[in-house]
Each structure stands twice: as C-alpha cells, then as structure tokens.
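In: pasted the sequence and its predicted model underneath.
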Amino acid sequence: MTSLPRRNTLLFIAISALSTWASGQDLGSSQKSMQAAGWPTKTVRIIVGFPGGSSPDLTARTLAEPLSRALGQPVIVENKVGAGGNIGADYVAKATDNHTLGLMINGNLTTAKLLNPKLPYDPLKDLKPVSLIGVSPLVLMAPKNAPGADAAAFFAAAKQAGDAWSYGSPGVGTVGHIGMELLKSKTGMKPLHVPYPGYAQVAGAMVGGQLQLSMLPPALAMAQVSGDKLRAIGVTSSGRSALAPQLPSMSEAGVANFSLEIWNAVAAPKSMPAPIVAELSSLIGFIVRLPEVRQKLFQQGWQVVGSSSEGLANRIAADTQVFRRVIQSLDINNQ
C-alpha cells in the first residue's frame, strides 16, 4: 500500500466526493483523485457479526454506499454470524489486508472478554477504534397494569415485591442483563433474571404475563406502548432521548447517577495504519452527519454521534469499567 501524500489528503478528497454526491453531480473526477491518494486500492469490506436485516447489518449497509462513493472503490457488507457478533469481530481482528472494517455492537468491544477470558480476540489489543456511530437508551418496561401511579411509586412496589418478580433479557451477559443488575443495585429491587433468545421473545413474555420487568430498545418498546400492551417507565440514558422524548430519564424517575446505552461502532484491525484509521474516523463522522444518512440511522433507532477514534476509545474504556464491576460482583460468564 502506498503512503498518503499528507495527513488530510484522503479526508479532503473524500468529503469533496460526498459533497458532489449529495448535490447529485458526477463523481468520476473525485473518484480518480481518491484513488490517486493511495488508499484504498481495492474493495473495502465491512464485516458484520449478525444476520442480514439485523440492526448492525442495516447500519453497515447504510454506511456502505456513501463510503463507497467517497473512497472511489466498492464497499461491501459481509455477514459472519455467531457468538453474539464475536465471530465477526474476531475475523476483523485477524484481518491483514488493510481493507477490512467491522461494524460492531458495544458488547463486542466492552464485555466480550470480561464474559469469556478464552475469547480468541482481545478488543483492547487486537482492534483499533474508528468511530462511534450511534447510541440508544433502553426503555424500562412493565406490564400495562403494573402498580404505581408514577415511576417512583413503581420502584417502591418493585422493591417491596422482592424476588417474587422476574425480569427478562436477551441472554446472559447482554446489556439488558447487566443493565438491569446495575439498576437493581441502585434501587434495591430484587427481581430474578430469566434469559431469552432475543428482545422480541422478552417482549412476548412480558405481554404474556411471565415477566414483570425488562429493558427493551425504543422502537420495540414504543410499539408495545402504542399497542396498549405494555407500560414504559423511563429511558436508561442520563437525560431524555430524542428516540422517545415523552419518557422520563432514570434520573427524573428517581434513580440518581444511572446511565446505560447500547451503541454501535466501526473498528479496524490493529494492523491497519494509524493515518488510515484517523482519516476513516473523520470521514465516517462526516458521513453519518449527512442529513439523509442521519435520518436513516434515526429511523433504525440510533442517535448519531460520529465520534473520533479517541472518542470511541474513551467510551469503550468508560463502559468497560462500569460493566466490569457488575460482571465481577455477580461472577457472570458465558463460556
């Protein structure tokens, strides 16, 4: 691979190409200039560890077209499914062609190694953060006839119920599991954990009366509320979320210093040269802020961030620290 002529050459040409694309003009000259910058020299692959149609897959495909236009090379999405996305993350970690990226969820970059010390890749050692794409709170859900006229009264009833109540999550070690355990530690609730294959099954069990609590993604949660099937207590972010602005935050609901979000991000192999990672970080941040892309991601349930590489690294470190305390205190593992 040839080196970049200067630090911002790739980014400058790429953004010029995107601006041309956004205005509906011809991209030919911009693509030729991009290729002259020395990278990429072939197809760029975005690896997704989840099946087609999943949230990470939709995000990757939303990024692929504008990224391809900016780089002047094909950008394709490949699904390498299994182990909660960790098979795909491991594939990215081991890639050496400098043309492989990964679209990953927060678990692949934070809790994976904590939950399974035998994981074949180390998120901190084997991957380079590129950009935090989007974030979303979860929504604390209860049956529609749950006790308590407001959130504070609901938490009081939940605390009084002790272990007579149960909560569901999409599996041991998931954010829905760890987040609820963190909420229990701050509220004095003691509901028992019941793992399910996914969020849809958790929602079904709540509607069916088998569960009294869960944390669901906003789109799924609000569909249950609008259908008069479940009740939303509040969002798990530190403040109100644009994804469900009518709902109080946990702080407003009386739970101080509680913040929990799910997120997705782009990461690269550790072997990818730092200048390329830095340029890609800036480029992807620009792409996700384009109005058309931002709107698509919002419809998929994400508030756009488009952080720097350093910003994503800081988020990984902060979340890992919080999750580590919960995982170690409860001896959670998924080996």
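Out: Structure received.
In: what helix or strand is Gly102 on?
Out: strand 100-105 (DSSP states H and E).
In: chain center to that strand: distance?
Out: 11 Å (CA atoms, centre = their mean, to the nearest Å).
In: contacts for the helix or strand just after that strand, please.
Out: Toward the C-terminus, strand 100-105 is succeeded by helix 106-109 as the next helix or strand (DSSP H and E). If you take CB atoms under 8 Å, 6 or more residues apart in numbering as the criterion, helix 106-109 is touched by 49, 84-86, 88-89, 102, 123, 127, 129, 173-175, 261-265, 267, 316, 319. In short, each C-beta sits where N, CA and C put it, glycine included.
In: now, these that are in helices?
Out: Those of those mapping onto helices are Asn86, Gly88, Ala89, Pro123, Val175, Ile316, Asp319, per DSSP state H.
In: how many other residues sit next to the third one?
Out: Here the neighbour count serves as a burial measure; for Ala89 (other CB atoms under 10 Å) it reads 30.
In: equivalent analysis for Ile233, please.
Out: Count around Ile233 with other CB under 10 Å applied: 25.
In: and the pLDDT for it?
Out: Per-residue pLDDT puts Ile233 at 95.
In: bridged to Glu261, which residues?
Out: Pro137 (DSSP bridges).
In: phi first, then psi, for the residue lying closest to Gly176 once chain neighbours are set aside.
Out: Spatial nearest neighbour of Gly176, excluding adjacent residues (CB to CB, 6 or more residues apart in numbering): Ser169 at 3.8 Å. Backbone dihedrals for Ser169, given as degrees, to the nearest 10, come out at phi -140, psi 160.
In: for Ser169, list each beta-bridge partner.
Out: Pro195.
In: quick one: residues contacting it.
Out: Per CB under 8 Å, 6+ apart, neighbours of Ser169: Gly176, His177, Met180, His193, Val194, Pro195, Tyr196, Val202, Ser214, Met215.
In: go with 7 Å
Out: Contact analysis of Ser169 by CB atoms under 7 Å, 6 or more residues apart in numbering lists Gly176, His177, Met180, His193, Pro195, Tyr196, Val202, Ser214.
In: what packs against whichever strand or helix holds the fourth one?
Out: Using DSSP H and E, His193 maps to strand 192-195. Contact partners of strand 192-195 among helices and strands, from 3 or more CB pairs under 7 Å, 6 or more residues apart in numbering; DSSP states H and E: strand 166-169.
In: please state the offset of the strand it packs on from the chain centre?
Out: On CA atoms, centre = their mean, the centre of strand 166-169 falls 21 Å from that of its chain.
In: hmm, back to that, the strand holding His193: which residues count as buried?
Out: Within strand 192-195, the residues that qualify as buried are His193, Pro195, counting by 16 or more other CB atoms under 10 Å.
In: touching that strand from outside, list them.
Out: Asp163, Ser166, Tyr167, Gly168, Ser169, Gly171, Val172, His177, Leu211.
In: equivalent analysis for stretch 243-263, please.
Out: 105-106, 132, 134-139, 151-152, 155, 175, 179, 182-183, 186-187, 218, 222, 232-240, 301, 303.
In: just the buried residues from those residues, in PyMOL please.
Out: Here is the PyMOL command that selects the buried residues among the contacts of stretch 243-263 (16+ other CB under 10 Å):
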select buried, resi 105+106+132+134+135+136+137+138+139+151+155+175+179+182+183+187+218+222+232+233+234+235+236+237+240+301+303
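In: and stretch 178-196, how far apart are its ends?
Out: This stretch, stretch 178-196, spans 14 Å end to end (CA to CA, to the nearest Å).
In: what of stretch 134-147?
Out: So stretch 134-147: terminal residues 34 Å apart, CA to CA.
In: gap between that stretch and the chain center?
Out: The answer for stretch 134-147 is 18 Å, by CA atoms, centre = their mean.
In: which helices and strands does the strand holding Gly102 pack with?
Out: strand 44-48, helix 55-71, helix 86-94, strand 261-269.
In: perfect, I'm done here.
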